[in-house]
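# what's the 3D shape of this:
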Amino acid sequence: MSATRILALRARPFELELNEPFGIAGGSPERARIAAVELTLADGTVGLGEAAPLTAYNGETLEGALSAVQAAAPVWTGRDARAWRQRARELVEVTAGSAAARCALETALLDALARQSGWSLRDWFGGALTELESDVTIPIMEPEQARSAAARWWERGFRKLKIKVGLGADLERVLAAHEGAPGAQLSLDANAAFDASGACRLLDGLQARGVSVELFEQPVAAEDWAGLAQVAARARIALDESVVSASDARQAAERLGPPHVLNIKLMKSGIREALDIAAVARSSGMSLMIGGMLESTLAMTMSACFAAGQGGFEFVDLDTPLFLASSPFSGGFTLRGATLDLSALTSGHGVQLSGGERSAS
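Down below sits the predicted model:
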C-alpha cells in the first residue's frame, strides 16, 4: 500500500474554558467547543486538524461537526492523500452542514502530507513571510471594561483593536476603548447586526468625536448588498458573513470591489475554497484579511501558515487563543506581543496534542 494512502480518521471533542467573555452580536459562548481530528496515513504519519464551530456566528454546532467527520471516514479511507484537492471535493456533500468539519479534515490531510514530506505548511503555502502582526478583539462588554481591556492589550504590545459592536452601548464602547488605547488603530465588527442607517449613525457619532475607524467589518446582513454599498460609501468595509465561497467573492468584487476587503476564514469555507477566494480577491484588486472563529492554537496556526505562506494579507485577526484558559495542544506559532512568529515551524503546522486537557464527555 502507498505510504500516502489514508488509513484512518478519528475525532476527539474538547470543551475549553475561557479566561474572559468573547461576546459577539449573535451571542456570548461560555466555552470553546472544538474537536481535534486525527488523520493517519499508511506509513503511520498522523496529521492533525481542528473543528471549531461557533454557533453564535453561523449556527454550526460541535455535534454537527463530529457527525460530518464520521460521515467523511468511509469516503476518504483507502484514498491517496496526495490528490488533496480531489479529496476536498469529495467532502462537499458530507460536510454541507459543517464547514468546520471540512476545515478540520483538510487541515489534517495537508498536515499529514507536509509532515511526511518534511515541509512546514507555511512553506507549503508559498513561504512568503515568517511573521504576521495580529489585532486583538474587544468583545461585547460594558464601556468601562472595554477601556480596561484596551489599555491592557496596548501594554502587551497590540497596536490594532477590533471592537465588537451591534448589541447596545456601541458608541460608548468604542469611545472607551479609544480612551484606553488612544494610539491604537480601530476597526469595528458588527457580525451583520446593523441595518445601513444604524451603521452610519455609529460612524457619524465617532466622526463627531474625532475618532477614525480603519475598517468596518460586516456592518449589515450578508445578503444586503444595497446596505453594504451604503456603508461602503462612508468607510472601508470587510466582508465576512457575505463571503463564504469563491462565488460570493466574485459577487463582492462585482458589487463593491477595491478598496474593500474579503475576510477569509478557513473555518467557514475550508482550505480549498479559501484558496479560490484569495485568487478572486487578487484578480479583482480587493484586499485580504485572515480571521477565524473561537479557535485554539492549532486552527490559528494553520490560518497563519495560510496567510504568511501566500503573503499579501493586509489585515490579520488571529487572536482567539488569547481568550482560552487552557488548550489540549502544544507547539505552533510563537507569540511575541502582537507578532505571530512562524519561523520555527519545520514540519506541518507544528502543533501536537499535548494530552493535558480532558476530552468533553
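# from here on, contacts and neighbour counts on C-alpha atoms
Noted.
# excluding its backbone neighbours, what's nearest V46?
T40 (4.5 Å; CA to CA, 6 or more residues apart in numbering).
# who is the one you found paired with across the strands?
A8, V46 (DSSP bridges).
# I'd say it and G49 touch.
No: under the criterion of CA atoms under 8 Å, T40 makes no contact with G49, lying 11.6 Å away.
# looking at the two, which has the bigger crowd around it?
Shown here are T40 and G49; by other CA atoms under 10 Å, G49 has more neighbours (30 against 22).
# doesn't the more buried one lie inside a strand?
Yes: using DSSP: H, G, I helix; E, B strand; the rest coil, the assignment for G49 is a strand.
# least trustworthy helix or strand in the protein by mean pLDDT?
When the helices and strands of the chain are scored by mean pLDDT, DSSP states H and E, helix 55-58 comes last with a mean of 91.
# state the mean pLDDT of the following helix or strand past that helix.
As assigned by DSSP states H and E, the chain's next helix or strand after helix 55-58 is helix 62-76. Mean pLDDT, helix 62-76: 97.
# list the contacts of C200.
Counting by CA atoms under 8 Å, 6 or more residues apart in numbering, C200 makes contact with 231, 234.
# buried residues of the longest helix seen in the chain, list them for me.
Counting residues, the longest helix in the chain under DSSP state H turns out to be helix 99-117. Across helix 99-117, burial judged by 16 or more other CA atoms under 10 Å covers 99-116.
# what ranges do the strands span in the stretch 101-250 of the chain?
131-133, 136-138, 160-164, 185-189, 215-217, 237-239 (DSSP state E, counting those that start in this stretch).
# actually, the stretch 251-361 of the chain.
Under DSSP E, counting those that start in this stretch, the stretch 251-361 of the chain gives strands at 261-264, 287-290, 313-316, 329-331, 334-336, 339-341, 351-353.
# now, of the ones you listed, which is deepest in the fold?
Each of these was scored by mean neighbour count; the highest is strand 261-264, a mean of 30, by mean count of other CA atoms under 10 Å.
# just how off-centre is it within its chain?
Centre-to-centre, strand 261-264 and its host chain are 10 Å apart (CA atoms, centre = their mean, to the nearest Å).
# ok, that strand: who's next to it in the sheet?
Short version: by DSSP bridges, strand 261-264 pairs with strand 237-239 (parallel), strand 287-290 (parallel).
# any chance you could list what contacts that strand?
236-240, 243-244, 249, 274, 277-278, 281, 286-291.
# got a markdown table for the strands of the stretch 101-250 of the chain, with mean neighbour count too?
Output for the strands of the stretch 101-250 of the chain, formatted as a markdown table (neighbours: other CA atoms under 10 Å):
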| stretch | mean neighbour count |
| --- | --- |
| strand 131-133 | 21 |
| strand 136-138 | 24 |
| strand 160-164 | 25 |
| strand 185-189 | 22 |
| strand 215-217 | 24 |
| strand 237-239 | 27 |
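# done for today, thanks.
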